[in-house]
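Trainee: I'd like to go over a predicted model; first the sequence, then the structure.
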Amino acid sequence: MVPAATPVSQEVVLVGGGHSHALVLRMLGMRPWPGTQVTLVSDVSHAPYSGMLPGHLAGIYSWEETHIDLRRLCAWAGARFIHAAAAGLDLPRKQLQLHDRPPLGFDVVSINIGSTPSLGSVPGAAACATPAKPVPLLLEKWEALVAAAADGRHLRVVIVGAGAGGVEVALSLKARLGAALTVSLVHQGATILPTHNPGVRRHLQSALHQAGVTVLTGQPVTAVHPGAVDLQDGSRLEADAVIWTTHAAAPPWLRTSGLALDDHGFIAVDPTLRSLSHSFVFAAGDCASVLTAARPKSGVFAVRAARPLFTNLGRWLDGRPLKPWRPQSQFLGLIGTGSGRAVVSRGRWTAEGAWAWQWKDRIDRAFMRRFSELPPMDRTARVPDRPRSQTAATALERKATMRCLGCAGKVGGSILHRVLVRLRATHPAVVCVPPDRSDIMAGLDAPDDAAVFLPPPGRPVVQTIDHLSALVTDPFIFGRIAALHGMSDIVAMGAEPHSALVTALVPFAAESVTEEWLTQLLGGVATELGRMGALLLGGHTAEAPAAALTLACTGLAGPSPLWRKNGLLPGQTLILTKPLGTGTLFAAAMRHAAQGRWIDAAIASMLVSNQPAARLAHTHGATAATDITGFGLLGHVGEMTRASNVAARLDLDSLPILPGAAACAALGLLSSLHEDNARLLDSVSGAADLTHHPHFPLLSDPQTSGGLLLAIDPSQAPALLEALRSGPAPAAAIIGSTYPANSDPTSLISLRSRKCQETRRM
Ligand SMILES: Cc1cc2nc3c(=O)[nH]c(=O)nc-3n(C[C@H](O)[C@H](O)[C@H](O)COP(=O)(O)OP(=O)(O)OC[C@H]3O[C@@H](n4cnc5c(N)ncnc54)[C@H](O)[C@@H]3O)c2cc1C
């Protein structure tokens with residue numbers, strides 16, 4: 001028998017990291033739902049906080065201060081983070097459809113995906129204007145304008161829509177760029193800020209006037225062209241940028257979701273925030289509409305909805321009655337002027353002053369501290385039992401205490417059958433043996449006791465096996481990384497991927513949950529095998545405390561000669577194809593100390609296949625290659641120099657490094673394997689002088705799905721580097737060279753840094 005943890009019996013999927021879901025995750029971290037797997041699906045890893053966005057545009061707040069790090073928040077709350085855009089819902093199957101990956105199953109789903117300004121049917125608006133949302137696109141545009149202004153260009157910006165958002169954006173842009181910018185605020189209605197009282201309008205009219213913003217009311221935009229905007233009166237405004245901040249429109253994919261919607265396409269919910277049409281769907285924030293209590297689309301209501309949403313999702317999971325919520329009818333609005341003042345708006349009341357800005361600043365900073373200062377949590381502490389119905393969950397807990405080992409510790413055949421049916425549908429070219437592959441005598445489409453294939457004559461079979469524990473919580477991405485990591489050994493030998501066998505380990509859980517995990521894990525593996533032209537020929541499943549994958553990979557050598565570790569020659573140039581730093585970054589992430597965007601970059605790098613780089617290296621005449629994995633750069637260089645009996649000099653300044661990796665390493669946030677890898681430094685000449693170099697710890701950093709280290713004649717190195725950088729390995733760099741070994745076998749590697757030498761000379 002194996003000891004039982006609380007097995008997962010229910011899956012909650014939160015779609016969109018809006019204000020409501022960010023707060024739900026914060027509450028979940030404090031009061032988890034035992035036996036429930038919570039997954040956030042978000043198209044961004046850092047969600048902008050609308051209250052501070054204009055302040056960020058004005059240059060008052062930094063990017064970090066205005067964004068909620070969802071990846072970090074999820075890790076802290078014990079939730080999975082899936083970085084993907086939802087594309088639709090399959091409600092009969094209870095699945096969320098995602099772009100470029102298998103759909104995600106759920107028991108209950110909650111939607112908080114916001115809104116975008118309505119571009120209406122204005123010709124040219126969709127192509128030429130920048131909507132205020134999605135915010136990342138707005139910020140990208142704004143940074144480009146700031147850079148152009150820094151080059152001395154005078155810029156003209158037209159802002160369409162004079163609600164609170166448009167007015168604040170106009171004032172913020174002027175506050176940041178002043179006379180370098182001409183801002184026109186165009187509004188179709190007779191007055192700006194139509195939903196606010198006349199006093200608020202007066203204050204902000206005056207602020208716009210003082211800032212030099214031209215306000216044009218009663219002027220619908222009739223067309224947008226590259227570089228200009230047409231107004232209804234026939235006039236034309238020249239514009240280097242058109243920013244669209246009109247009233248909110250619903251995300252278009254909701255129209256085909258099958259959910260009940262209001263007249264404007266927003267999800268119709270009752271006062272418990274549950275869909276009017278589907279009892280297992282909740283929605284909150286801008287994308288939802290409480291039909292009995294319609295309120296403006298505003299961050300304030302998205303924030304207020306978080307508590308009732310958390311309560312009702314918890315009650316739904318427990319099978320208890322839901323609690324209705326009545327949003328307040330009036331709310332406090334604090335509208336910044338970009339110049340250290342703000343206007344207060346509540347019902348008929350208004351006021352203005354620097355004190356109001358300080359008040360707003362205090363409220364906004366306190367809100368963001370809830371996400372940046374996450375209290376340490378003891379996840380091993382027992383969570384008090386909630387009142388639970390005696391349903392499947394309790395039965396599953398009883399079953400968990402009776403689990404057997406040996407062959408019984410594998411996933412049930414019926415689950416596996418369903419997973420394979422799904423995989424055959426999504427990845428037929430990888431899981432089903434194509435009719436023209438007569439060399440494959442037994443594969444997964446007609447499983448036998450073992451896979452059988454006939455290698456082509458004269459092509460040696462190359463085999464390797466690798467095991468990875470899940471270092472990311474997204475099982476599909478983990479499956480992709482594991483396949484790339486496993487096959488990397490094959491391509492580092494100069495062979496072509498042929499096939500793989502896989503063992504998938506998943507925690508004991510409800511059947512539907514296990515099916516989802518396996519489908520996502522194996523879907524990820526199959527995706528990358530397919531891209532490499534390899535087949536999945538068989539495998540095994542087993543229950544384990546945590547998800548993990550083992551891949552036995554097979555490749556075929558030839559026609560090019562195999563690369564062996566002894567292939568280094570003196571006088572060669574060394575090229576590394578991917579940046580270093582995954583070990584320290586994931587060590588930091590485990591301690592909630594890595595920024596989400598650093599982990600995004602690390603994952604993006606791990607998802608780069610080494611196969612195209614290896615092919616380029618072959619055509620350019622590389623004589624040796626290895627992939628950088630667990631032993632770190634130094635360990636793998638050491639293996640090659642020893643086997644080849646040549647020495648290598650590495651240039652610390654030239655090492656490509658992932659964003660945030662040097663910062664994490666400097667804080668001592670290192671992988672548990674680092675210390676062992678670093679022992680090799682004792683026999684590296686020059687190491688003692690360079691310990692303070694920011695790249696020094698990265699030499700011993702273990703890599704997951706790391707890059708290739710390639711050795712090539714110096715005459716060919718520039719062409720190979722150019723081909724790599726402009727193609728499959730944009731971060732590739734020349735990191736050193738080889739030279740004849742002297743008689744001292746302990747100094748086969750030496751380090752140098754021009755920067756350190758220059759600093760010392762000064
Ligand atoms: C310039 C501007 C300033 C504003 N200032 C204020 C203010 O000061 N105070 C205020 O109360 N309101 C303000 N608002 C309004 C406010 O932005 C919105 O009402 C608020 O953001 C709505 O919150 P939400 O949680 O519903 O959604 P959002 O905050 O918009 O969050 C939705 C999230 O879902 C993600 N997402 C979207 N589609 C998908 C998908 N398909 N799959 C996965 N993820 C997805 C988005 O990336 C985003 O992170 C402002 C709006 C603008 C445009």
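Mentor: Here it is on my side, so go on.

Trainee: Report the contact partners of P376.
Mentor: For P376, no contacting residues are found, by C-beta atoms under 8 Å, 6 or more residues apart in numbering. No exception for glycine: its C-beta is placed from N, CA and C like everyone else's.

Trainee: Recalculate using a threshold of 10 Å.
Mentor: Contacts were defined as C-beta atoms under 10 Å, 6 or more residues apart in numbering; by that measure P376 touches 76, 591-592.

Trainee: cool, G265 as well?
Mentor: Taking C-beta under 10 Å, 6+ apart as the criterion, G265 is in contact with 115, 249-252, 254-255, 287, 289.

Trainee: before we move on, what about A288?
Mentor: Taking C-beta under 10 Å, 6+ apart, we find A288 in contact with 20, 110-113, 115, 250, 262, 266-269, 273, 275, 282, 297, 301-302, 305, 309.

Trainee: Could you do I192 as well?
Mentor: Taking C-beta under 10 Å, 6+ apart as the definition, contacts of I192 comprise 161-164, 166-167, 170, 185, 200-201, 204-205, 208, 215, 217.

Trainee: how far away is it from Q219?
Mentor: I192 sits 12 Å away from Q219, taking C-beta to C-beta, to the nearest Å as the criterion.

Trainee: now A75
Mentor: With the distance defined as C-beta to C-beta, A75 ends up 48 Å from Q219.

Trainee: In terms of neighbours, single out the busier of the two.
Mentor: The neighbour count for A75 versus Q219, taken as other C-beta atoms under 10 Å, is higher for A75 (22 against 19).

Trainee: quick check: domain ranges of this structure?
Mentor: Listed by automatic domain parsing, the domain ranges of the chain are 10-115+250-330, 117-247+332-376, 410-556, 565-761.

Trainee: what would those domains look like in JSON lines with mean pLDDT?
Mentor: Written out in JSON lines, the entries for those read as follows (pLDDT from 0 to 100):
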{"stretch": "domain 10-115+250-330", "mean pLDDT": "95"}
{"stretch": "domain 117-247+332-376", "mean pLDDT": "94"}
{"stretch": "domain 410-556", "mean pLDDT": "92"}
{"stretch": "domain 565-761", "mean pLDDT": "93"}
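
Trainee: Out of the ones you listed, which is closest to the ligand?
Mentor: Proximity to the ligand, assessed across these by C-beta to the nearest ligand atom, is greatest for domain 10-115+250-330 (2.2 Å).

Trainee: anything in that closest one near the ligand?
Mentor: Yes - with C-beta under 6 Å from any ligand atom as the threshold, domain 10-115+250-330 lies in contact with the ligand, specifically through 15-20, 41-44, 47, 50-51, 53-54, 85-86, 112-114, 251, 285-287, 297-300, 302.

Trainee: which ones among those are found in strands?
Mentor: Cross-referencing these with the strands (criterion: DSSP state E) gives 15, 41-42, 47, 86 as the overlap.

Trainee: Most widely separated two among those residues?
Mentor: For these, the farthest-apart pair by C-beta to C-beta is A47 and A86; their separation is 14.5 Å.

Trainee: out of these two, which sits in the busier spot?
Mentor: A47 (27 against 24).

Trainee: in the longest helix seen in the chain, what counts as buried?
Mentor: Ranked by residue count, the top helix of the chain under DSSP state H comes out as helix 511-531. Counting neighbours by 16 or more other C-beta atoms under 10 Å, one finds that the buried residues in helix 511-531 are 512-531.

Trainee: same thing with stretch 357-372?
Mentor: Taking 16+ other C-beta under 10 Å as the basis for neighbour counts, the residues of stretch 357-372 that come out buried are 357, 360-361, 364, 367-368, 371.

Trainee: So which of the residues you listed belong to helices?
Mentor: The helices in this structure, assigned by DSSP H, contain 357, 360-361, 364, 367-368, 371 from those.

Trainee: Tell me which stretches of the stretch 151-300 of the chain form strands.
Mentor: Using DSSP state E, counting those that start in this stretch, the strands assigned to the stretch 151-300 of the chain run over residues 155-160, 181-186, 214-216, 221-225, 228-231, 236-238, 241-244, 248-249, 267-269, 281-283, 288-290.

Trainee: highest average neighbour count across these?
Mentor: Mean neighbour counts were taken over the strands of the stretch 151-300 of the chain using mean count of other C-beta atoms under 10 Å, and the top value, a mean of 27, falls to strand 281-283.

Trainee: Just give me how far it sits from the chain centre.
Mentor: Going by C-alpha atoms, centre = their mean, to the nearest Å, the spacing between the C-alpha centre of strand 281-283 and its chain's C-alpha centre is 23 Å.

Trainee: other SSEs contacting it?
Mentor: Under the contact criterion of 3 or more C-beta pairs under 10 Å, 6 or more residues apart in numbering; DSSP states H and E, strand 281-283 touches strand 10-15, helix 19-30, strand 108-111, strand 267-269, strand 288-290, helix 306-318.

Trainee: Can you list the strands that the following helix or strand past the third one pairs with?
Mentor: The element immediately downstream of strand 108-111 (helix or strand, assigned by DSSP states H and E) is strand 116-117. In its sheet, strand 116-117 lies beside strand 248-249 (antiparallel), with partners assigned from DSSP bridges.

Trainee: and the ligand, which of the ones in helices among the buried residues of stretch 357-372 reach it?
Mentor: Filtering these for proximity to the ligand by C-beta under 6 Å from any ligand atom leaves nothing.

Trainee: Switch those over to TSV; also include distance to P475.
Mentor: TSV is the format used below for those (distance: C-beta to C-beta, whole Å):
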residue	distance to P475
W357	46
K360	42
D361	41
D364	36
F367	32
M368	31
F371	25
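
Trainee: Ramachandran coordinates for the nearest residue in space to L155 that is not next to it in sequence?
Mentor: In this structure, L155 finds its nearest non-sequential neighbour in D240, 4.7 Å apart by C-beta to C-beta, 6 or more residues apart in numbering. Note on D240: backbone dihedrals following degrees, to the nearest 10 are phi -80, psi -20.

Trainee: Could you name the helices and strands sitting against whatever helix or strand T503 lives in?
Mentor: Using DSSP H and E, the element containing T503 is strand 496-506. In this structure, strand 496-506 packs against helix 413-426, strand 461-469, helix 475-492, helix 511-531, strand 535-543, strand 548-556, helix 611-620, with contacts taken as 3+ C-beta pairs under 10 Å, 6+ apart.

Trainee: The next helix or strand after the last one pairs with which strands, parallel or anti?
Mentor: Going back to what we said before, that points to helix 611-620. Toward the C-terminal end, the helix or strand that comes next after helix 611-620 (DSSP H and E) is strand 624-627. In the sheet, strand 624-627 lines up against strand 708-712 (antiparallel) (DSSP bridges).

Trainee: Using PDB, list the CA coordinates for the strand it pairs with.
Mentor: Written as PDB, here are the backbone C-alpha positions of strand 708-712 (Å, rounded to 0.1, in the frame of the first residue of the first chain):
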ATOM      1  CA  LEU A 708      24.100  22.400 -28.100                       C
ATOM      2  CA  LEU A 709      27.800  23.000 -27.700                       C
ATOM      3  CA  LEU A 710      29.400  22.800 -31.100                       C
ATOM      4  CA  ALA A 711      33.000  22.700 -32.100                       C
ATOM      5  CA  ILE A 712      33.900  24.000 -35.600                       C
END
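
Trainee: Pull the distance from it to the chain's centre.
Mentor: Relative to the mean C-alpha coordinate of its chain, strand 708-712 is positioned 30 Å out (C-alpha atoms, centre = their mean).

Trainee: just checking, what packs against the very next helix or strand once past that strand?
Mentor: In the C-terminal direction, the helix or strand that comes right after strand 708-712 (DSSP H and E) is helix 717-726. Secondary structure elements in contact with helix 717-726, counted by 3+ C-beta pairs under 10 Å, 6+ apart, are strand 573-576, helix 611-620, strand 708-712, strand 733-740.
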